[in-house]
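Q: What follows is a predicted protein model with its sequence.
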Number of protein chains: 2
Amino acid sequence: MSEFEQRRRAVSEQLAKREVEALVVSSPANIRYLTGFAGSNALMLVSEGEAHFFTDPRYTGEAASVPAKSHVAKGLLILAVASTIKRKRLRKVGFEPTWMDMDQHGRLEKALDRRASLHPVGSLIEEQRAVKSPAEIEIIRRSVQANSEAYARTLKRIHAGLKELEIAAELEFQMKVLGSEKPAFETIVAVGDHSALPHAHPTQRRLEKNELLLIDMGATLDGYTSDMTRVAFAGTPPKRVRDLYRAVLEAQLAGLDAVRPGVSVKQVDAAARQVLKGHNLEKEFMHSTGHGLGLEIHETPKIGKKEKTKLRAGMVITIEPGAYLQGFGGVRIEDTALVTERGCEVLTPTPKELINL
Amino acid sequence: MSEFEQRRRAVSEQLAKREVEALVVSSPANIRYLTGFAGSNALMLVSEGEAHFFTDPRYTGEAASVPAKSHVAKGLLILAVASTIKRKRLRKVGFEPTWMDMDQHGRLEKALDRRASLHPVGSLIEEQRAVKSPAEIEIIRRSVQANSEAYARTLKRIHAGLKELEIAAELEFQMKVLGSEKPAFETIVAVGDHSALPHAHPTQRRLEKNELLLIDMGATLDGYTSDMTRVAFAGTPPKRVRDLYRAVLEAQLAGLDAVRPGVSVKQVDAAARQVLKGHNLEKEFMHSTGHGLGLEIHETPKIGKKEKTKLRAGMVITIEPGAYLQGFGGVRIEDTALVTERGCEVLTPTPKELINL
């Protein structure tokens, strides 16, 4: 049985528990997970023992090799889904409420004309995706490695005087040459006090001597993402920077240390947060400690203060505490890590010392 | 009155015609159009004379400078929208059916508890966005110029032996250095018979001598996209390639020639298609002739066989006929063009001769 078939079988089993006969899958990442299809327009209908795949004529070639019953539809895909539901005489059909839009739902309901009822089925596939298979972990490893290698190659070329945008362009160039189809998110390159903005956009500003440089980057490779943050200093870092860096690194290591199966994510978050509190930096850490990643850059579980998910072996998560001093600068240190049977394997190979450029 | 205010006022005027008092705006591009906000999580509520903007605490800084009444909400934004609807005692509220998902709609309906009714309002803002303001056209010009300049810089470095991925990486590097925040879509670089696939992804395949090279690229700059396709040949092109190229160029020029206010888009499509038919290449041109672009890479109007929209001055569209000979190669030539009062201004400055590398 192929991996895609196994995944779909696991979905069907869950459908029975939710008391629906089939699920309309609208999420592009969920469809990719179930079929490998990476195009921009598709829907699926998954029922026990059967999976139907719907796309438009642009993807006729891809449709032929999708491991499911393929339908190439000329009009709206949702109408082709409705026809299949009617033909199969399905009565109770689930849909993904955060992915199906009102327009699709309205058209589906109308086309079914009360011959089937529609039921929201929340995040079923997303939860299944949280635990990665060995094949998925292998791709994520390659994504992480390409990302770290792109960083290493770029680091050799970075010097004071370069613009944030130029550094970001070089990082993304190297990623692409290393086989990444695109960045996992807009690469963050933030110099000086820009580094105190957790979501800074690269600008024309140049890296000056005696400034912080924060780089947060991720690759997408064969659909799977990676995520890493590193901080460097242009020159010899003063004590304030060294202290800030050391506190965040200590928090990051504490977060990684807490990772193992059975631990709730809020304990992992607390482990990192506690260290920053000890350095009086609790208020300077205003985001969560991390997030799952995979086909999307933000997946279940969120590693946050109030989250209750328990870690399971096979989850791939980031651990990324930070501390941001407005007007001065910020430090964040982030690795991509795998939850193993025994604890945690840091996938990111890049060293974590504060780099002096 | 600021441009954003003018845009919102135009929206409110349309709301009165649709007999709703306010519109919940869910589309990120529509929100950007109405406020300039470029973050990943926001909603708006636009009513006559008032606009409310909702985002989460990550964007507290941006929220302060958004030209609307800003709400930074800790929980789900849709619940904050519901509170505002109740507080304002609105009774008839519109929503965007292709942008509001079932989950949001369900929560909104529940929170309103029958104090207001919800009504689908389709594509109102998208239609308004189809005609660009002088300020928007100015940004699109800069996006087009950065895109063409990135192509020109890269072209100097292209030679047989380079991989598709390396060429794509260089194009995207140059775009970024020139101020583009990201590509408008995954850059297409297709060599040899790959060029016959309209949506090819760049691979490890190398450009060989006597092969076609097709590049389809677009920049996103200050949120606005550009789009261009050019074809080169590594060596002296044989007659079959020259003939194919000449036919497509003739079709592209015929398409551009047909562009002027009042003309329906299907006439523009037909003008290009007719030329290819004259060369017996009608079946080898299996996509539409073009599309509008702006904050998104595909916007109203679609320039297709069956589309009835009439062109209006201020629309920005692509004209991009192609002909694809499976197993041999394909040619597509694409410019970004502005519909002017008198006809058409091609914004793309890049020459359109078949280039011999």
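A: Alright, I've got the coordinates. Numbering: from 1, shown residues only, chains lettered A, B, ... in the order given.
Q: what sits against A:His291?
A: A:Ile297, A:His298, A:Glu299, A:Pro301, A:Lys302, A:Ile303, A:Ile317, A:Thr318 (C-beta atoms under 8 Å, 6 or more residues apart in numbering or on different chains). For the C-beta atoms, the positions are set from N, CA and C on the backbone; glycine is no exception.
Q: try 10 Å this time
A: A:His291 makes contact with A:227, A:265, A:297-304, A:307, A:317-320 under the criterion C-beta atoms under 10 Å, 6 or more residues apart in numbering or on different chains.
Q: what's the answer for A:Ser12, then?
A: Per C-beta under 10 Å, 6+ apart, neighbours of A:Ser12: A:Glu21, A:Ala22, A:Leu23, A:Val46, A:Ser47, A:Glu48, A:Gly49, A:Glu50, A:Ala51.
Q: Does A:Glu282 touch A:Lys305 like I think?
A: No - using C-beta atoms under 10 Å, A:Glu282 is not in contact with A:Lys305, being 11.2 Å away.
Q: Report the set of residues contacting both of those two.
A: Taking C-beta under 10 Å, 6+ apart as the criterion, A:Glu282 and A:Lys305 both touch A:Arg273.
Q: quick one on the thing from earlier: among the contacts of A:His291, find me the one that's closest to chain B.
A: A:His298 (9.6 Å; C-beta to the nearest C-beta).
Q: Just the ones of the contacts of A:His291 in helices?
A: Taking DSSP state H, the ones among the contacts of A:His291 that sit in helices are A:Val265.
Q: Quick one: buried ones out of the contacts of A:His291?
A: Among those, those buried by neighbour count (16 or more other C-beta atoms under 10 Å in any protein chain shown) are A:227, A:265, A:297, A:299-304, A:307, A:317-320.
Q: Now for the residue nearest to A:Val25 when sequence neighbours are not counted: which residues touch it?
A: Leaving out its chain neighbours, the residue that sits closest to A:Val25 by C-beta to C-beta, 6 or more residues apart in numbering or on different chains is A:Met44, at 3.9 Å. A:Met44 sits next to A:8, A:11, A:22-27, A:30-31, A:34-35, A:37, A:51-55, A:66, A:68-69, A:77, A:81, A:125 when contact means C-beta under 10 Å, 6+ apart.
Q: Check A:Thr98 too.
A: So A:Thr98 contacts A:Ser26, A:Ser27, A:Pro120, A:Gly122, A:Ser123, A:Glu126, B:Asp101, B:Met102, B:Asp103, B:Gln104 (C-beta under 10 Å, 6+ apart).
Q: tell me, how many neighbours does the first one end up with?
A: Going back to what we said before, that points to A:Ser26. 24 (other C-beta atoms under 10 Å in any protein chain shown).
Q: The second one now?
A: Residues contacting A:Ser27 under the criterion other C-beta under 10 Å number 21.
Q: Over to the closest residue to it other than its chain neighbours: give its phi and psi.
A: Once flanking residues are discounted, A:Ser27 sits nearest to A:Trp99: 4.3 Å by C-beta to C-beta, 6+ apart. Phi and psi for A:Trp99, reported as degrees, to the nearest 10, are phi -120, psi -30.
Q: about what we covered before: for the residue nearest to A:Val25, name its beta-bridge partners.
A: Under the criterion DSSP bridges, A:Met44 forms beta bridges with A:Val25, A:Phe53.
Q: follow-up on the earlier one: buried ones among the contacts of A:Met44?
A: Buried among the contacts of A:Met44 (16+ other C-beta under 10 Å): A:8, A:11, A:22-27, A:30-31, A:34-35, A:37, A:51-55, A:66, A:68, A:77, A:81, A:125.
Q: Please list the members of these that lie in helices.
A: A:Arg8, A:Val11, A:Asn30, A:Ile31, A:Leu34, A:Thr35, A:Leu77, A:Val81, A:Ile125.
Q: Give me the residue at the spatial middle of chain A.
A: A:Ile297 (1.9 Å; C-alpha atoms, centre = their mean).
Q: Could you say which helix or strand holds A:Glu170?
A: helix A:164-177 (DSSP states H and E).
Q: now the angle between helix B:164-177 and that helix, please.
A: Angle of helix A:164-177 versus helix B:164-177, following axes from the mean of the first three to the mean of the last three C-alpha atoms, to 10 degrees, is 170 degrees.
Q: Indicate whether helix A:164-177 makes contact with chain B.
A: Yes - with C-beta under 10 Å from any C-beta of the partner chain as the criterion, chain B is reached by helix A:164-177 at A:165-177.
Q: sorry, back to before: thought the residue nearest to the centre of chain A was touching A:Asp216?
A: No - judged on C-beta under 10 Å, A:Ile297 makes no contact with A:Asp216 at a distance of 11.1 Å.
Q: rounded to a whole number, what's the mean pLDDT of the lengthiest helix in chain A?
A: Of all segments of type helix in chain A, defined using DSSP H, the longest is helix A:134-155. Averaged over helix A:134-155, pLDDT sits at 98.
Q: My read is that A:Glu334 contacts A:Glu320, right?
A: Yes - assessed by C-beta under 10 Å, A:Glu334 is found in contact with A:Glu320 at 3.3 Å.
Q: residues shared between the contacts of those two?
A: A:Asp216, A:Asp227, A:Met228, A:Thr229, A:Gln252, A:Gly255, A:Thr289, A:Gly290.
Q: what's the helix or strand for the fifth one?
A: Meaning A:Gln252. helix A:239-258.
Q: Run the chain-centre distance for that helix.
A: 24 Å (C-alpha atoms, centre = their mean, to the nearest Å).
Q: mean confidence score for that helix?
A: Across helix A:239-258, the average pLDDT comes to 98.
Q: buried set for that helix?
A: Buried residues in helix A:239-258 (16+ other C-beta under 10 Å): A:241, A:244-245, A:247-256, A:258.
Q: sorry, back to before: the contacts of A:Ser12 in strands, which ones?
A: With DSSP state E as the criterion, strands contain A:Ala22, A:Leu23, A:Val46, A:Ser47, A:Glu50, A:Ala51 from among those.
Q: Reformat these as CSV; add distance to chain B.
A: Output for the ones in strands among the contacts of A:Ser12, formatted as CSV (distance: C-beta to the nearest C-beta, whole Å):
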residue, distance to chain B
A:Ala22, 17
A:Leu23, 14
A:Val46, 18
A:Ser47, 20
A:Glu50, 24
A:Ala51, 22
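Q: Please identify which pair of the residues you listed lies farthest apart.
A: Within the ones in strands among the contacts of A:Ser12, A:Leu23 and A:Glu50 form the most distant pair, 11.5 Å apart (C-beta to C-beta).
Q: thought A:Ile8 was touching A:Ser2?
A: Not Ile; residue A:8 is Arg. Yes - if you go by C-beta under 10 Å, A:Arg8 and A:Ser2 touch, sitting 9.4 Å apart.
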